[in-house]
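Undergrad: Give the three-dimensional model of this entry:
(2 chains, ligands or ions: 2)
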Amino acid sequence: MEYIKPFKRILLVGCNECVTVCAAGGRKEVGLLASGLHMAVLKSGATIEIREHTLERQCDPEYVEELVPMIDGVEAVMSMACGCGVQEIARRFKNKPVFPALNTKFMGASERQGVWSERCQGCGDCLLGMTGGICPIARCAKQLMNGPCGGSTGGHCEIGEDTDCAWALIWERLKALGQIERYVEITPAKDWRPGGGSGPRKIIREDLAE
Amino acid sequence: MSFQKRLQAKEFVVLAEMHTPKGVNISRLVNDARRIKGRVDAIVVPDMDNGIMRMNALAGGVLMQQQGVEAIIHLYCRDRNRMALQGDILAAHVLGIHNLLVVRGEEMSQGDHSEAKAVDDVDECGLLGAIGTLQKGKDMAGFDLDGAPTFFSGASLAPCADEAALEREVAFAAKKVAAGARWLLTPPVYDVARFAAFYERVKGLGVPVVPTVFLLKSLAIAQYIANSEPGANISDELIRRIRKSSDREQEGIHIAGETVAALKPMVQGVLVQTLGWEHKLPAILDVAGL
Ligand code: SF4
Ligand code: SF4
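TA: Numbering: from 1, shown residues only, chains lettered A, B, ... in the order given. Ligands and ions are numbered 1, 2, ... in the order given. Sure thing, here's the model as predicted:
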């Protein structure tokens, strides 16, 4: 709300990919947020025009081009994509303020209808082969590499009853797979560079890049 | 004889725990150390691993040594990356501390600075490995040190609520020993018979095992631990004993002393935890006959 206060006409942009799947920033949510914002602004005694549009994908420049005819007619853009989409729009339209409508939290999977949980932190040096397919970086609150922290009770993480302890899961799974030797082996201190420890990361595929 | 020598000579060691102040008033810490001097083999000085910001264990350990009491300081991974940890380890050696205890850090959100960012660059095995590497004259990146430190390092075990957790913890303890832990500290023991069964599982790891004995200061504390820590094994009988007592404070001291005495024939030493009631340590040791 604070973000859009100074403006009379904004463009609210959704994204048809991940944020649609997790019901946070797709066409439907764009409609809902637009009417919500409308009402809130009216209530505060002001008026605002909110134009709505949903792109196939906000993190690819080709799709973002689609906004060109719309952009001049508005004072600011609010994006309902993840942080990648917001930044792509900001990069393309240098003289337009762009605001995030979502707080992008994590890369995850759906546990069940309406419940998503974090699964991967893109550490760049995947351990899943050692840990029975369960990630200790994204799913252990302490990112432990060798075993549980001791706060693990009854299979729950010490941060709360509704979070599984990753190391309890890893142990059970390795046991079921007959791969306990994977647990016994000491995993050395992790090299965090591929995980972002040495700054923003980039992947260049020579065969695809122009 | 030093703590390390006593353990290695299979002599019974008595350890006490003393916390550094949240602030710079060290008079209580120094007085407690003076009072207990001669009755314990070493004092364990926790750091901020329980999540409470306080003076660090390195300074606390140095203060102990200045009083003529051998110190064992906690090291843990939540707040420092591998650079800071290695720097502190080198500093500890130079300041005369020879014993390190690698522990787990309480989850940041449970501490008094719950908004802070946790580091967790390495884990307990990684830290034990780093201590070993430094002792060989190299740092974790493989560069040569100008003078290598020497330490006697231990690791701690976690309480286990069920058989699955126990099995996992024993396997993890074996990893810590392989990574360089030369003794193991167990969580508080409230039920010596159950501890004996646990001890059977860990004594084969090839390093001395030292159980913790925690002073139950009140009925409320005993009930709280019984309810909140399923792995603690505080029996109803024990709760009843404290409730019925006409002097609960004294009863707690007796229970702790009796537990120490009962453990003595089985293990290599004990750590007595008094959480702020360090002045009661001599009374507990009296009951235990130490
Ligand atoms: S180990 Fe790294 S890459 Fe693999 S799932 Fe976990 S965070 Fe992702
Ligand atoms: S309880 Fe399990 S998941 Fe949670 S921090 Fe400890 S080891 Fe990691």
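Undergrad: How about the backbone phi and psi for B:Pro188?
TA: When read as degrees, to the nearest 10, the backbone of B:Pro188 gives phi -50, psi 140.
Undergrad: For it, give me the pLDDT.
TA: As predicted, B:Pro188 sits at a pLDDT of 96.
Undergrad: That one: what's its closest spatial neighbour, skipping adjacent residues?
TA: Closest residue to B:Pro188 apart from its sequence neighbours, by CB to CB, 6 or more residues apart in numbering or on different chains: B:Phe214 at 3.8 Å. (Glycine included, C-beta is placed from N, CA and C.)
Undergrad: what's the distance between the one you found and B:Gly111?
TA: Distance, B:Phe214 to B:Gly111, by CB to CB, to the nearest Å: 20 Å.
Undergrad: Stretch A:20-37: which residues count as buried?
TA: A:20, A:22, A:24-26, A:29-30, A:33-34, A:37 (16 or more other CB atoms under 10 Å in any protein chain shown).
Undergrad: Among those, which one sits closest to A:Arg51?
TA: Set against A:Arg51, the nearest of the buried residues of stretch A:20-37 by CB to CB is A:Ala34 (8.5 Å).
Undergrad: secondary structure element for the closest one?
TA: helix A:27-43 (DSSP states H and E).
Undergrad: Partner strands of the very next helix or strand once past that helix and their direction?
TA: Using DSSP H and E, the helix or strand that follows helix A:27-43 towards the C-terminus is strand A:49-55. Using DSSP bridges, strand A:49-55 pairs in its sheet with strand A:9-15 (parallel).
Undergrad: picking that back up, which of B:Phe214 and B:Gly111 has more neighbours?
TA: B:Phe214 (24 against 20; other CB atoms under 10 Å in any protein chain shown).
Undergrad: I figured that one hits B:Trp277, correct?
TA: No - counting by CB atoms under 8 Å, B:Phe214 stays clear of B:Trp277, with 10.8 Å between them.
Undergrad: can I assume A:Thr187 sits in a strand?
TA: No - counting by DSSP: H, G, I helix; E, B strand; the rest coil, A:Thr187 is not part of a strand but coil.
Undergrad: in the chain, which spans are helices?
TA: Picking chain A for this. A:18-21, A:27-43, A:61-64, A:68-71, A:83-92, A:136-139, A:166-176, A:180-184 (DSSP state H).
Undergrad: actually it's chain B I care about, not the one you picked
TA: B:3-8, B:27-36, B:57-66, B:82-94, B:124-135, B:163-179, B:192-202, B:219-228, B:236-244, B:248-263, B:281-288.
Undergrad: quick revisit: for B:Arg240, which of the helices of chain A is the nearest?
TA: So among the helices of chain A, helix A:166-176 is nearest, using CB to CB, at 33.3 Å.
Undergrad: which secondary structure elements does that closest one contact?
TA: When contacts are defined as 3 or more CB pairs under 8 Å, 6 or more residues apart in numbering or on different chains; DSSP states H and E, helix A:166-176 sits against helix A:136-139, helix A:180-184, helix B:163-179.
Undergrad: Next up, the contacts around the closest residue to A:Glu75 other than its chain neighbours.
TA: In this structure, A:Glu75 finds its nearest non-sequential neighbour in A:Phe7, 4.4 Å apart by CB to CB, 6+ apart. By CB atoms under 8 Å, 6 or more residues apart in numbering or on different chains, A:Phe7 lies in contact with A:48, A:75-76.
Undergrad: Could you single out the nearest of these to A:Glu65?
TA: Nearest to A:Glu65 out of these is A:Ala76 (CB to CB; 19.0 Å).
Undergrad: and the gap between the residue in the stretch 51-200 of chain B that chain A sits nearest to and ligand 2?
TA: Closest to chain A within the stretch 51-200 of chain B is B:Ala158: 2.5 Å, counting by CB to the nearest CB. From B:Ala158 across to ligand 2, the span is 9 Å (CB to the nearest ligand atom, to the nearest Å).
Undergrad: Torsion angles phi and psi at that residue?
TA: Dihedral pair for B:Ala158: phi -100, psi 150, per degrees, to the nearest 10.
Undergrad: Look at the residue lying closest to it once chain neighbours are set aside and report its pLDDT.
TA: Distance criterion CB to CB, 6+ apart; nearest residue to B:Ala158, sequence neighbours excluded, is A:Gly150 at 2.5 Å. pLDDT, A:Gly150: 81.
Undergrad: Tell me the confidence at the one residue in the stretch 1-150 of chain B that gets nearest to ligand 1?
TA: Here the stretch 1-150 of chain B gets closest to ligand 1 at one residue, B:Asp120, 13.4 Å apart by CB to the nearest ligand atom. Residue-level confidence at B:Asp120 comes out at 95, pLDDT.
Undergrad: how near is B:Asp88 to A:Gly132?
TA: Distance, B:Asp88 to A:Gly132, by CB to CB: 34 Å.
Undergrad: er, A:Pro194 I mean
TA: Distance from A:Pro194 to A:Gly132, counting by CB to CB: 21 Å.
Undergrad: Pull up the residues of chain B that are close to chain A.
TA: Counting by CB under 8 Å from any CB of the partner chain, the residues of chain B lying close to chain A are B:77-78, B:82, B:104-107, B:109-110, B:118, B:120-126, B:129-130, B:140, B:156-159, B:161-162, B:164-165, B:167-169, B:171-172, B:174-175, B:178-179, B:230-231.
Undergrad: Pull out the buried members of those residues.
TA: Buried by 16+ other CB under 10 Å: B:77-78, B:82, B:104-107, B:118, B:120-126, B:129-130, B:140, B:156-159, B:161, B:164-165, B:168-169, B:172, B:174-175, B:178-179, B:231, out of the residues of chain B next to chain A.
Undergrad: Can you name the residues that contact the residue nearest to A:Ala24 when sequence neighbours are not counted?
TA: Spatial nearest neighbour of A:Ala24, excluding adjacent residues (CB to CB, 6+ apart): A:Leu102 at 5.6 Å. By CB under 8 Å, 6+ apart, the contact list for A:Leu102 reads A:19, A:24-25, A:80-82.
Undergrad: Check what pLDDT residue 129 gets.
TA: I'll assume chain A. 87.
Undergrad: should've been chain B
TA: pLDDT recorded at B:Gly129 is 97.
Undergrad: A:Gly195 against A:Cys126, yeah?
TA: No - A:Gly195 is beyond contact range of A:Cys126, at 10.3 Å (criterion: CB under 8 Å).
Undergrad: With neighbour numbers in mind, choose between these two.
TA: Higher neighbour count among A:Gly195 and A:Cys126: A:Gly195, with 16 against 13, using other CB under 10 Å.
Undergrad: Near the residue nearest to the more buried one when sequence neighbours are not counted, how many residues? Count them for me, please.
TA: Using CB to CB, 6+ apart and skipping the chain neighbours, the partner closest in space to A:Gly195 is A:Cys123 (3.7 Å). Per other CB under 10 Å, the neighbour tally for A:Cys123 reads 19.
Undergrad: ok, A:Cys123 touching A:Ile137?
TA: Yes - at 4.8 Å, A:Cys123 counts as touching A:Ile137 under the criterion of CB under 8 Å.
Undergrad: can you list residues touching both of those two?
TA: A:Gly195.
Undergrad: Tally up the residues packed near residue 60, please.
TA: Chain wasn't specified; assuming chain A. 14.
Undergrad: try again with chain B
TA: By the measure other CB under 10 Å, the count of residues near B:Gly60 is 27.
Undergrad: No further queries at this time; thank you.
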